[in-house]
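A.B. asks: below is the sequence, then the predicted model.
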Amino acid sequence: MKKVKSTASLPAWSALALALPCLFSHSVRAEETEVIVISASAQPESWLNSAASVERSPLPAQGIIIDSAQIFGAISGVQADSRANFAQDTRVSIRGFGSRSAFGIRGLHLQQDGIPLSTPDGQGQLSSVLLDSVAQVEVLKGPLAALYGNASGGVISLYSRTPVQNAVTASVAGSEQHRQYQLQADWVSGDHSLSTAVKQFRTDGYRPHSAAEKQQAQLLYKTLLANSVNLSARLDYARDPSLQDPLGITLSAWQQNPQQTDSAAEQFDTEKNSRHRQLSLSLSAYDDPDRWQLGSWLGDRQVNQRLAFTGSALSSAGGEVVLQRQFKGINGSYRLLHGDTYSIRAGGSLVQSDDERLGFVNDFGQRGDLRRDQTDSANNTDAFVRFNWQPAALWQVQGGWRYSELKLSIADRFILPQNPDDSGVKQFYNDAFALGLSYRIAAGFSWFVSAGTGFESPTLAEIAYQTDDTGVNLALNASTNQQWESGFKWLSDGLSASLSYFNVDSKNELLVDSNTGGRTSYRNAAKTERHGAELQLNWQTNAYLRQQLTASYLSAKFADAGLDGKRLPGIADSQLHWQLALQPWQDSTEFALHSQYRSKVYIDDTNSNSAPSALTFSLSARHSQQWQQLNLAYWLVLDNVSDKDYVGSVIVNQSNGRAIEPAPGRQLSAGISVGYNW
């Protein structure tokens, strides 16, 4: 039996060790970055003048980007759980929004280049995105995020890399478990550019029954039409031929052997395969892209997944899921009024998805009899108005209103005396409002405050069943929230920093009402109270040394429903991330140290148990060389330097007790890329 390592909470000296380099650093240089607040189609605002709590981060310059959790480590207020399970999508939460998701991402709005990645009912995943072709990620937090509509507790915006010269690059990377191959080609001519990338990834997995294979490709074309319209077309393709699911394990099993796999994974041959295809088009005015923008998208997604139970009961949805989704949408905005000190714009969106869903008995790895046959549809219609106003030289005001209509419908075709008709329709009508104010106290110092209301509808899965009757759960309503935040921003030579305090009160949060015979029903019951603080520091200590510190504290508790005072599961109340990067020979070589602390995380609503806190470290080194038109780059990364046993993620409210998803031990990976440009 493997010896269990200490899981004591972070001692005071460890926290001090993380903070000391910050206290004794001094700043030299920084640039004021222009960010897009509220939406990718809104008027650009200076980060310092904006009332929005928004942070941007470039993607890692080295390493195998196999988990979207890797791109959020340097952004305060974001908890991204590395599940080390390629069959399950990364769990991401922002200030507690999205924390109850057992799989994928919900409660947050996802988009890439202004095109939504979330479904109309608020579900989404980042596993279909070719993250290696993403230049940076932007996270919008706080009340102004609610202006994105349904399930917008936060907004995650990905921005694709735009080529600047003709180039061809091939790269290979690997570790003891992983192998990755990638080819990228760029073409640029005047106002036209074309970027293509393909990627193949294979892994033996960290635990037994966790092997995976992934294939991804992206094509991005940008051009100028009739000398007046910018066109951007992106084609995304992702195929996962085989993703084995090692499942979670119980806390006691993790304490005995953190890298084991539950026997049910082999017994039921739990695995997943999928395919995702999407075409996205964006248009904007050439002379002034902010004047008007129009986007549209069309795609399909197929998923086949075997779960860790038979699902043989006639009233069950089955233990093998077969899903075929068709989705499409259009969004746009137009600037109605514009002056030296104000801007008003209006817009809207129409989004639709249709899921053909089948369920079969999982006969211990073989497909059995039919147990589910239905069509799930979601249709969302939104309209919004947003404004920016500068009433005086030092003041900025921004805000808006959004109205949303969501229709969820289920057409059940698997109807038997023992399994009655579960067809039905549920509609939601909600609106969101937010207002923010910023005041420039000094040249590089500003104060901001914002407040607003938002909402989150139940998903198709959550309205599917009633506790004591058939048909969809018409009693469910959208949960609503009221939030405010206030803080300060600094910007000077070599330093950018923000400090904010926030408060979120929500009501009508969903809780499980009944879970029997494979049918889970929900009820509106819970109130939650959340408050916390976030710190983000980025600074260039000198020409060779760069540091970054992010820290967040979140108190998230239930306020009624028999759970008063209990903490929300799946959420760490404190996180700390520090990075030190040394460039002894300017940009050609970099050595970096990363440290990450996360406090304990409860696994269920009753706080019956928790995953312990953890402090981990990683080291990286990269070097690049150039000979005329030939570029050579190579890197080395050592993750979890101390080989610490810790929990990467928890599966919230897991009735079978398998709530723990172990993080990998020490991992050494390396890669090399060769590029030619002209």
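C.D. replies: Okay, I see it.

A.B. asks: so which bits of stretch 536-547 are buried?
C.D. replies: By neighbour count on 16 or more other C-beta atoms under 10 Å, the buried set for stretch 536-547 is 536, 537, 538, 539, 540, 541, 545, 546, 547. From N, CA and C alone the C-beta is placed, and that goes for glycine too.

A.B. asks: same question for stretch 191-208.
C.D. replies: Residues of stretch 191-208 classed as buried by neighbour count (16+ other C-beta under 10 Å): 193-199, 201-203, 205-208.

A.B. asks: which residues in this structure form helices?
C.D. replies: Counting by DSSP state H, the chain has helices at residues 12-23, 251-256, 263-267, 460-463.

A.B. asks: please determine how far residue 164 is located from residue 572.
C.D. replies: Applying C-beta to C-beta, to the nearest Å, the value for residue 164 to residue 572 is 39 Å.

A.B. asks: so between those two, which is more surrounded?
C.D. replies: residue 572 (24 against 10; other C-beta atoms under 10 Å).

A.B. asks: touching, the more buried one and residue 602? I think so.
C.D. replies: No. The criterion here is C-beta atoms under 8 Å, and residue 572 misses it with residue 602 at 9.5 Å.

A.B. asks: follow-up on the earlier one: pick out the shakiest of the helices of the chain, pLDDT-wise.
C.D. replies: Looking over the helices of the chain, mean pLDDT reaches its minimum on helix 12-23, with a mean of 33.

A.B. asks: inside strands: which ones of the buried residues of stretch 191-208?
C.D. replies: Under the assignment DSSP state E, the buried residues of stretch 191-208 contribute 193, 194, 195, 196, 197, 198, 199, 201, 202, 203 to strands.

A.B. asks: of all these, which two lie farthest apart?
C.D. replies: Across those, the longest distance by C-beta to C-beta is 32.8 Å; it joins 193 and 203.

A.B. asks: mind listing the strands for the stretch 201-350 of the chain?
C.D. replies: With strands called from DSSP state E, counting those that start in this stretch, the stretch 201-350 of the chain shows them at 212-225, 229-244, 271-285, 292-306, 320-338, 342-363.

A.B. asks: distance to residue 51 for those - can I get that in TSV?
C.D. replies: Output for those, formatted as TSV (distance: least, C-beta to C-beta, whole Å):
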stretch	distance to residue 51
strand 212-225	31
strand 229-244	28
strand 271-285	25
strand 292-306	22
strand 320-338	19
strand 342-363	14
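
A.B. asks: turn the ones you listed into a markdown table, columns for mean neighbour count and mean pLDDT.
C.D. replies: Converted to a markdown table, those look like this (neighbours: other C-beta atoms under 10 Å; pLDDT from 0 to 100):
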| stretch | mean neighbour count | mean pLDDT |
| --- | --- | --- |
| strand 212-225 | 18 | 96 |
| strand 229-244 | 18 | 96 |
| strand 271-285 | 19 | 96 |
| strand 292-306 | 19 | 96 |
| strand 320-338 | 17 | 96 |
| strand 342-363 | 19 | 96 |
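
A.B. asks: closest one to residue 143 among those?
C.D. replies: Comparing those under C-beta to C-beta, the one sitting nearest is strand 342-363, at 18.7 Å.

A.B. asks: by contact count, what packs against that closest one?
C.D. replies: Applying 3 or more C-beta pairs under 8 Å, 6 or more residues apart in numbering; DSSP states H and E, one finds that strand 342-363 contacts strand 320-338, strand 366-389.

A.B. asks: so residue 649 touches residue 91, yeah?
C.D. replies: Yes. Residue 649 is within contact range of residue 91, at 5.8 Å (criterion: C-beta under 8 Å).

A.B. asks: anything in contact with each of these two?
C.D. replies: 81, 83 (C-beta atoms under 8 Å, 6 or more residues apart in numbering).

A.B. asks: so residue 53 versus residue 489, what's the distance?
C.D. replies: 9 Å.

A.B. asks: okay, and for the chain, where does confidence drop off?
C.D. replies: 1-45, 61-63, 515-518, 586 (pLDDT under 70).

A.B. asks: tell me which two of the buried residues of stretch 536-547 sit farthest apart.
C.D. replies: Greatest spacing in the buried residues of stretch 536-547, by C-beta to C-beta: 536 and 545 (18.5 Å).

A.B. asks: residue contacts, residue 265?
C.D. replies: 208, 209, 244, 245, 246, 247, 308.

A.B. asks: what does residue 141 give?
C.D. replies: Residue 141 sits next to 53, 54, 55, 77, 94, 95, 154, 485, 502, 534 when contact means C-beta under 8 Å, 6+ apart.

A.B. asks: closest to residue 478 out of those?
C.D. replies: Nearest to residue 478, judged by C-beta to C-beta, of those is residue 154 at 17.0 Å.

A.B. asks: give me the distance between that closest one and residue 318.
C.D. replies: Here residue 154 is placed at a distance of 34 Å from residue 318 (C-beta to C-beta).

A.B. asks: what of residue 591?
C.D. replies: Distance of residue 591 to residue 318, computed by C-beta to C-beta: 52 Å.

A.B. asks: next one: residue 218
C.D. replies: 34 Å.

A.B. asks: cool, and residue 278?
C.D. replies: 27 Å.

A.B. asks: the closest residue to residue 483 other than its chain neighbours - how many residues pack around it?
C.D. replies: Spatial nearest neighbour of residue 483, chain neighbours left out: residue 504 (4.2 Å); criterion: C-beta to C-beta, 6 or more residues apart in numbering. Using other C-beta under 10 Å, the number of residues around residue 504 comes to 23.

A.B. asks: which residues does residue 504 contact?
C.D. replies: By C-beta under 8 Å, 6+ apart, the residues touching residue 504 are 95, 96, 481, 482, 483, 528, 529, 530, 531.

A.B. asks: for the contacts of residue 265, give me CSV that also has distance to residue 635.
C.D. replies: Output for these, formatted as CSV (distance: C-beta to C-beta, whole Å):
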residue, distance to residue 635
208, 29
209, 30
244, 28
245, 30
246, 28
247, 33
308, 37
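
A.B. asks: so which of those residues is the most crowded?
C.D. replies: residue 246 (28 neighbours).

A.B. asks: I'd assumed residue 204 was in contact with it.
C.D. replies: No. If you go by C-beta under 8 Å, residue 246 and residue 204 don't touch, sitting 11.7 Å apart.

A.B. asks: now list whatever residues contact both of these two.
C.D. replies: Shared contacts of residue 246 and residue 204 (C-beta under 8 Å, 6+ apart): residue 210.

A.B. asks: so what's the most centrally placed residue in the chain up against?
C.D. replies: Centroid-nearest residue in the chain, with C-alpha atoms, centre = their mean: residue 92, separated by 4.9 Å. Taking C-beta under 8 Å, 6+ apart, we find residue 92 in contact with 68, 69, 72, 78, 79, 80, 81, 98, 105, 108, 126, 156.

A.B. asks: same thing but at 10 Å, please
C.D. replies: Residue 92 sits next to 68-69, 71-72, 78-81, 98-99, 101, 104-108, 110, 124-126, 139, 154, 156 when contact means C-beta atoms under 10 Å, 6 or more residues apart in numbering.

A.B. asks: for it, name its beta-bridge partners.
C.D. replies: Under DSSP bridges, the beta-bridge partners of residue 92 are residue 80.

A.B. asks: do you know how far it is from residue 501?
C.D. replies: From residue 92 to residue 501 the distance is 22 Å (C-beta to C-beta).

A.B. asks: check residue 415 too.
C.D. replies: For residue 415 relative to residue 501 (C-beta to C-beta), the value is 53 Å.

A.B. asks: same check, this time on residue 560
C.D. replies: 24 Å.

A.B. asks: I'd say residue 350 and residue 381 touch.
C.D. replies: Yes. Residue 350 is within contact range of residue 381, at 5.7 Å (criterion: C-beta atoms under 10 Å).

A.B. asks: what do those two both touch?
C.D. replies: When C-beta under 10 Å, 6+ apart defines a contact, the residues bordering residue 350 and residue 381 alike are residue 120.
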